[in-house]
Each structure stands twice: as structure tokens, then as C-alpha cells.
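Peer 1: next comes the sequence, and after it the predicted model I'd like to discuss.
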Amino acid sequence: MISLKELNPLQKVTLRFVVIALLFYGLTVIEGMMMRAVQVNIPLLEAEHFFAVLNAHPIVGIFGYSFMLVMGAFYFLVPTFTKKELYSVFLAELNWLVMAAGTGIVWLSSFIFHYSALYTNYWPLPVIGSTGVSLGLYALGILLIMIGILIFCFNLFATVFHREPGDKPLSTLIISAFGLDGFVNIFNRFRGRPDKVVEPDVPLPIVAIFRGTIDTVLDALVLGSVAIVFLVYAFFKLKGATLPTTWLDPLIYKNLYWWGLDLIADGLVLIYVAGTWYLLAMIITGRQIFMQNFARAALFVELVVSWFVWSHHLLSDQTQPVMMRIFSGEMITAFELVTSGIAVFLTLATLWQARPLKMTMPLKFLLGGIVGFGLGVPAGILQADLGMNRILHNTQWVIGAHAHMQILVGLSCTLFAALYAIFPMVTKREVKSEFLSNVHFWCQMVGGIGMSVAMGFAGLNGMLRRTLYMGDPTYLQEMYFAAFFGTILAIGYLVMMYNLISTIGIPSLISLFIRLPWSKTQSNIAS
Amino acid sequence: MNVLSLALYLRIFYAALVLIVVSLMVFYVRGLTTKGETSGRLKAVFYGWLGFLVAVAILFHLLTAWQIPWVRWEIKRAEIVPNREFALNAKQHRFTLPAGGLKVRQGEVVKFKVTSSDLTYGFGVFHESGAMEFQMQVLPGHSNEIIWIFKDPGKYSIRSTEYAGPETEQMYLKDSITVLSGEEK
């Protein structure tokens, strides 16, 4: 069992983020399995309730689980890696509270009040298809989450750019944080000159984190603004007045909304993940990243790329200009294959140079994460094509072969790699059972890949996402496979939680959040 | 190329992709855990990989534009004169079809013009097997048009391919499009 007295405030707040994130992951798993049951024709939920669960599922999964696990890990790793103090532990404490409250409120708005416009929120469904209470609660929850994200970004920016007297100027730090020093070095090498920046001012993983944070801020500003619009409509709904929906054009709204929403995929999923891969590869091998100038430069290129790819979500919108669909939706989007391919290669090459390596849990999960993106990114590029999109848009392919593959295998394995790597640093204890950690790993890989592939094949056979097929046996075979592999995934979650809880100890776990009556004597229990 | 053969190629491609990626990782892990010299050509391999990725990113779209006919129909939509034109409307989670139904002949150029009076819907056409023939988004306040040429005769169903609330489930019109073969009357 862990004694909390041994932990400093940064370690405690990190642990709080991790615990809450994993509980939200559990909630996402339960929601997912409830919906899986319906998709194999077990009438567990009525349509209204099914779509309310479907509404909560991605919000709890992305913001409650993924964002909070990322935040916890980065709150610990950024100060550790930059050898600086975290700007404000108080803000970090406030951060998890705001995020947890926001996610909880969104869940309530869906599960209890049946808000079900889904995360796409296509105009004007949110304001027409919901009550004032459900819309208001949903918008409030989203707004709190976005405030939480802005607090996180501010705290990280302030930490990375904090300077002591005698430190390099801010402009140097900013240039390095953007990865521009990588460009300068590559340019110099083409001209046969030595590197201008031999020792970068900002380490590569921090460049990725900083870079991802820029997109995350923009995403929070867009989604936060939409939440404010929803709040206005909810306010008037509650007063019995109905505001016109024609104030917003559905196509312009869709462009703006997807521009912001897509930055989650780029800011969080692709870039934070690349940063975490680099970080783990450096920790595991004790080396610098292979050809790190390219990695730094690629992160800057990805910054530009990520702002111009949103149209791949509108390839089937016939009123979206064709040239916009071709350039933004197809051509620029295709370069995400290049930027993520660079991250995959450089991480694998760095590890390869340090062989032989022992297959530790962080390394296993890191490689699992790379497999997830190796499968999920090409699936995404495939559907971001004018021809392919005509038969793939809004099918199970998009959410299975692309999204779930990237989130459950790519992102989750990367986050678990970070979790298993930082757990001993944060708690000063090794995870109790390596056998159970291995069971978790294989369940995550087999369950995640199996479920995503089954959904992908269902999509290729014409099965839509966000659609109920109760009593229709057309896609039942694929859904049985998805349910089977989903169950393996759920077993993996339970095994991981048992392993972590038995390592931390239930009293310590509860004491992280609530002062127990016997907490004074608790420090003596430490094992 | 028709839709059904494209879906078949995609199934084969995807199965191969999964097998290749997983096998490469198994192969990589075997090498990673054994002692060995790192090739001095790793940089050259990197540049080769970079070139491969750029080539795939560009050539993939050129290939689909060349081989998939509906890409050209979409790009030249404004210039194409259809043999037949249908106007449909969606309102309160119901499609309203034109009087006389939707009957077309195999190989005819058809234009579907779908409007929405309230929410954002989808307009999807499906084979009897459940495979998708095509789909598009239907935005209110806009005229959503698509050009299509049916290659296979038979009955096709219409379903909303965009979620517009739990009631979207009822937006399913089984066998609502009839495609006659060239000889059929």
C-alpha cells in the first residue's frame, strides 16, 4: 500500500488525475458494452436511452478519460523533464475538479435528462431536439470542460516558459518550442554547414506537448463558444421563448464546429501521442531521438497541416465547395500520413539503436500504441477521399477501423505506456503484479484490434454508425464479433484496475479525495 | 468500377493491412530483443520511408480519381445533363418521395435533389444485401444534389445516413428505388 505522506503535492495531484481518468474510462467501458448489447439485438435500452448513452460515451471517453490521463501525466512529466517547478499546483488541483465536474454534468444531461444531439451537434438539432434543462446542463458541462482545458494549457505554458534570471530570452524558448530550430539545422545541413542549435532549448517531447497544446486551446475556444450559444438558447427555452434557428447557417456552423472539433484529433491524439512516444523512447533508451531535427520540424509542419484538414469531415456535404473538399479534405489531410509516419519511424529507430531491449510494460504498450496508429491512420486517410467517402462516410468503418482503433489501441496503449512508466516515479512503488499487467496488455491489444476490425468490416458491408438496427439481422455477425472482443477489452480494464487498486490500497485511494477519520494513523500503515 | 467491387477490394486491402502491420511489429520485436549491429543506412531507410509516404499520400488520390467514376461525376456535377431528375424532401424525420416513385433504368444518369425543411439528415441508398450504394448529407436551407448512375439492376432502399435525433430510426424506406435492367420494360 502507498503512504500518501511520502508523496509531494505534484505526485498527489498526478495520482488524482489518474484515478479519476481511469474511473471515467470504466464508465466509458460500461456505456460501450451497454450499446454493444443493443447492437446484438438484446433490448437493453430503448432508442431514446441508447442515443443518450451514445451522447455521453465520447465526451466521457475523450475528456473524462483521455484528456485527464494526458493532463495527469503531463503535469508530472513536464516539470520533471524541464527541471522546473510546476507553475501552480493549486491550478492543477482546480483543473481536475473542473474537468471532473464538467464531464459529470454532461453525463447527467445525457443519462438522466436524455440530451442526445451527440458530439457532432449538427445545427439545429441541439436546440430543436432537446429540453431547456438538458441543453443547458450539457452546455454548462462542456463549458466547464473547456475552462478546465484552458487552465491546463495556461499552467503548462507558464511552466515551460518560466525563466530564472540568467536564463535564455523568451523568444529563444518560443522558437525552440515551435520546433523551428529543427528547420534551421536541416537548412544548414543542406548548405553543408554545421548545426546552428546543438543543444535545443526545449526538449523534443516538450515541443510536441507545447505544439499539441496550441491546437487544444483553439479547440477549447471553438467548443466553448458553441456551448455559450447553446446556453443562450437554453435560457430562452427555459423562459418559454423560442429563438429562431435561422440565425446560424448549418453549413457555416458545420465548418466552424469541425474546424475546432478536429483539432482534438490533431492536438490531442496525434501530437500529444507523438510527444509521449518520443518521451518514452528517450526514457527507455537513455538516448536522444534519432534525427530529432526532422521530428522537431515535422511538429511545426503538422501545426500548419492540422489547421487546414477539417474539410475531410464534409466530403459528403454537396454544398461544400469541391475545391475545398479536394485540397483541405483530401490533399492536406493525406499529409497527416506523412507526419504521423515520421513519428512512428523515428520512435522505432531510436529504440532499434539501443537494442537489445528488455520488453518492459511501458515498452510493450508503446509498441502496441504504434500498432494502433499503424492501423488507424491509414484507415482514416482511406476514408478522406472523395471517391471512398461516398461509401464510407458515417459507416461503422469511420468509428471502428479509424476512431476506435486510434483511441482504444493507439492512444490508450500510449497512455498506459506512460502510466506504467510514471507509476513508480509518482508512487515510489512498482505495480504489484507483472502477470496481471501482461493480461491487461494482451486484453487491450486483442480486444481493441478485434473490436475495431469487426466494426470496420461491418462498415464495409454498409452498416451505419449512430443507427439502431433492432431486429434487423443484416450486420449481426460482425456485431457478435465486436461484442466478443469488447468483452475481452472490458476484462482487461477490470484486471488493470484490480492490479492498480491492490498496489495503491483502497484506504490510500479514498484518502486521496476524502480525509478519512483514521487518516492520522494511516501513515503508519505504509508497507 | 462499381460500388460492390470497390467494397470487396477494400475488404481484401484492410485484411492485408492488419496482417502486415501486426506481422511487421512481431518481426521488429524479435529484432529489438536480440543483440545486433544497427545498420549505418538507417538514415537512408528514413529518407526512403519519407518518400514512400509522400508518394502514397499523392498517388492514392490520383488513383481513386482515375478509377472511381463517381469522383468525376462529382467534380463535373454542374455540367452533367441528367436523363432523369428526382426531387425529395425530408421533414420531421420523414422522406417525401416524388409522385410516381423512384424508377430508373440501369446506366441512366440520375440527379437526386434532396432538401430538408428542419434538421440535418443524410440521404443513403442501399442494396438489398445492406451494402451502401452511395450517400450524401442533407442540410436545411441548401439544395443538396448528387449525380448517380446505377450499374446493377434491382431494388434499393433509402435510409437517412445522418443522425437527427432518436426518431431518425424511422427514416428507412425499404425497396423504394427500382433499377430496371437495359432490356426490362
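Peer 2: Arrived safely.

Peer 1: my read: A:Trp107 touches A:Ile59, true?
Peer 2: Yes - using CB atoms under 8 Å, A:Trp107 is in contact with A:Ile59, at 7.5 Å. The way it works is simple: take the backbone N, C-alpha and C, and place the C-beta from them, glycine included.

Peer 1: now do the shared contacts for those two.
Peer 2: Residues touching both A:Trp107 and A:Ile59 (CB atoms under 8 Å, 6 or more residues apart in numbering or on different chains) are A:Gly141.

Peer 1: now do the SS call for B:Ser157.
Peer 2: strand (DSSP: H, G, I helix; E, B strand; the rest coil).

Peer 1: excluding its backbone neighbours, what's nearest A:Val409?
Peer 2: A:Gly372 (3.0 Å; CB to CB, 6 or more residues apart in numbering or on different chains).

Peer 1: what about that neighbour, neighbour count?
Peer 2: Neighbourhood size, A:Gly372 [other CB atoms under 10 Å in any protein chain shown]: 28.

Peer 1: for A:His440, same thing?
Peer 2: Neighbours of A:His440 (other CB under 10 Å): 26.

Peer 1: same question for A:Gly341.
Peer 2: Number of residues near A:Gly341 (other CB under 10 Å) recorded here: 23.

Peer 1: pretty sure it sits against B:Ala55.
Peer 2: No - checked against CB under 8 Å, the pair A:Gly341 and B:Ala55 is beyond contact range at 11.6 Å.

Peer 1: got the domain boundaries for the chain?
Peer 2: No chain in the question, so chain A it is. A:1-45+A:358-527, A:133-356 (automatic domain parsing).

Peer 1: sorry, I should have been clearer: chain B.
Peer 2: Split into domains by automatic domain parsing, chain B comes to B:3-74, B:82-180.

Peer 1: and the longest one, how far apart are its ends?
Peer 2: What that stands for is domain B:82-180. 17 Å (CA to CA, to the nearest Å).

Peer 1: before we move on, the earlier item: okay if I get the domains of chain B as CSV plus mean neighbour count and mean pLDDT?
Peer 2: CSV is the format used below for these (neighbours: other CB atoms under 10 Å in any protein chain shown; pLDDT from 0 to 100):
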stretch, mean neighbour count, mean pLDDT
domain B:3-74, 14, 94
domain B:82-180, 19, 96
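
Peer 1: for these, give me CSV that also has distance to A:Ala417.
Peer 2: Shown next, in CSV, are those (distance: least, CB to CB, whole Å):
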stretch, distance to A:Ala417
domain B:3-74, 14
domain B:82-180, 34
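
Peer 1: tell me, what residue is most central in the chain?
Peer 2: If you meant another chain, say so; for now it's chain A. In chain A, the centroid-proximal residue (CA atoms, centre = their mean) is A:Ser66; its distance is 4.2 Å.

Peer 1: nope, chain B please
Peer 2: The residue lying closest to the centre of chain B (CA atoms, centre = their mean) is B:Phe134, at 5.4 Å.

Peer 1: ok, that residue - contacts?
Peer 2: A:390-391, B:3, B:70, B:124-125, B:146, B:148.

Peer 1: all helices for the stretch 301-450 of chain A, in order.
Peer 2: A:322-324, A:333-353, A:361-383, A:386-392, A:396-397, A:412-427, A:434-460 (DSSP state H, counting those that start in this stretch).

Peer 1: mind giving me the packing neighbours of the shortest one?
Peer 2: Of the remaining helices and strands, those touching helix A:396-397 by 3 or more CB pairs under 8 Å, 6 or more residues apart in numbering or on different chains; DSSP states H and E are helix A:434-460.

Peer 1: who are the packing partners of the helix it packs on?
Peer 2: Counting contacts by 3+ CB pairs under 8 Å, 6+ apart, helix A:434-460 packs against helix A:361-383, helix A:396-397, helix A:412-427, helix A:476-504, helix B:3-32.

Peer 1: the inter-axis angle of the first one versus helix A:412-427?
Peer 2: Spelled out, that is helix A:361-383. 150 degrees (axes from the mean of the first three to the mean of the last three CA atoms, to 10 degrees).

Peer 1: show me where pLDDT drops low in the stretch 51-200 of chain A?
Peer 2: The model of the stretch 51-200 of chain A has no residue with pLDDT under 70.
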